[in-house]
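Novice: sequence and predicted structure are below.
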Amino acid sequence: MMNNPIIDIIIPAFNEENSVGNVINDLPKNLVREIIVVNNNSTDATAINAKNAGATVIEEATMGYGNACLKGISHLNKKEINPNIVVFLDADYSDYPEEIINLITPITTQNMDMVIGSRALGNLEKGAMTPQQVFGNWLATFLLKLFYGVKYTDLGPFRAIKYDSLIALNMQDKTYGWTVEMQVKAAKQKMNCCEVAVNYRKRVGFSKISGTVKGTIGAGYKIITTIFRYI
């Protein structure tokens, strides 16, 4: 049992001024020590709105989902007291931040190293994921089972992980391969991992990845090559 864990949240954000405040406001503050929004070169009011909602805002000018996550980890590494658990959450308000308790519980009660929030297991609002996202997740999780022997249903970005386990993974990816790199490396290190069902709704605004052909192809290519890189 992990009693009264220190929990910090990392939220990468690029031009999410209309949603980031909602994400922060819906997080259960009694569970969380610090909410860190990594402003990834936004050109709108993302940073201002996040700060006004009570988050710590740090800047990462180099574009890339992985770059933003790595910046957030660097911020945590400098703390006098490191967290016990780190939660990653997107800024687009497609996830339900209040469900964080469901991701944390397997770590605190079952000694899991990492918990993935699976959209495939939860209630998926119609239109929340594009057909290419659904197929891409199916293909990626099939390959993870085939080559690494681990069973996942999703590469969901809403996830919780022990801080020590996160550091042990030595994360490197700077763009779209971040989530699958974490799952691949956790499998190779034989960490205790599981999934919990999370609900998923249409995001606020326009997706910079799945909303464009270039983004979809780029993300798909990076995910697949990341899976094969660590075999």
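Specialist: Noted; the coordinates are in hand. Note that the structure is a prediction, hence the values are computed from the model and not measured.

Novice: quick check: mean pLDDT of stretch 167-178?
Specialist: On average, the pLDDT along stretch 167-178 is 96.

Novice: buried residues in that stretch?
Specialist: In terms of neighbour count (16 or more other CB atoms under 10 Å), stretch 167-178 has its buried residues at 169, 171, 173-174, 176-178. All C-beta spots, glycine's among them, are computed from the backbone N, C-alpha and C.

Novice: quick one: it to chain centroid distance?
Specialist: Its chain's C-alpha centre and that of stretch 167-178 lie 11 Å apart, by CA atoms, centre = their mean, to the nearest Å.

Novice: start to end distance for that stretch?
Specialist: 14 Å (CA to CA, to the nearest Å).

Novice: all strands for the chain, in order.
Specialist: 7-13, 34-39, 56-59, 85-88, 114-118, 159-162, 193-197 (DSSP state E).

Novice: got those strands as TSV, with distance to A187, mean pLDDT and mean neighbour count columns?
Specialist: Output for the strands of the chain, formatted as TSV (distance: least, CB to CB, whole Å; pLDDT from 0 to 100; neighbours: other CB atoms under 10 Å):
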stretch	distance to A187	mean pLDDT	mean neighbour count
strand 7-13	22	98	25
strand 34-39	26	98	24
strand 56-59	30	98	16
strand 85-88	18	98	26
strand 114-118	10	98	25
strand 159-162	13	98	25
strand 193-197	8	98	19
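
Novice: just send those strands back as a markdown table, with distance to E99 too.
Specialist: Below are the strands of the chain laid out as a markdown table (distance: least, CB to CB, whole Å):
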| stretch | distance to E99 |
| --- | --- |
| strand 7-13 | 13 |
| strand 34-39 | 15 |
| strand 56-59 | 22 |
| strand 85-88 | 10 |
| strand 114-118 | 7 |
| strand 159-162 | 11 |
| strand 193-197 | 8 |
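
Novice: tell me the pLDDT at the residue nearest in space to the middle of the chain?
Specialist: What sits nearest the mean C-alpha location of the chain, by CA atoms, centre = their mean, is P157, with 3.1 Å. At P157, the model reports a pLDDT of 96.
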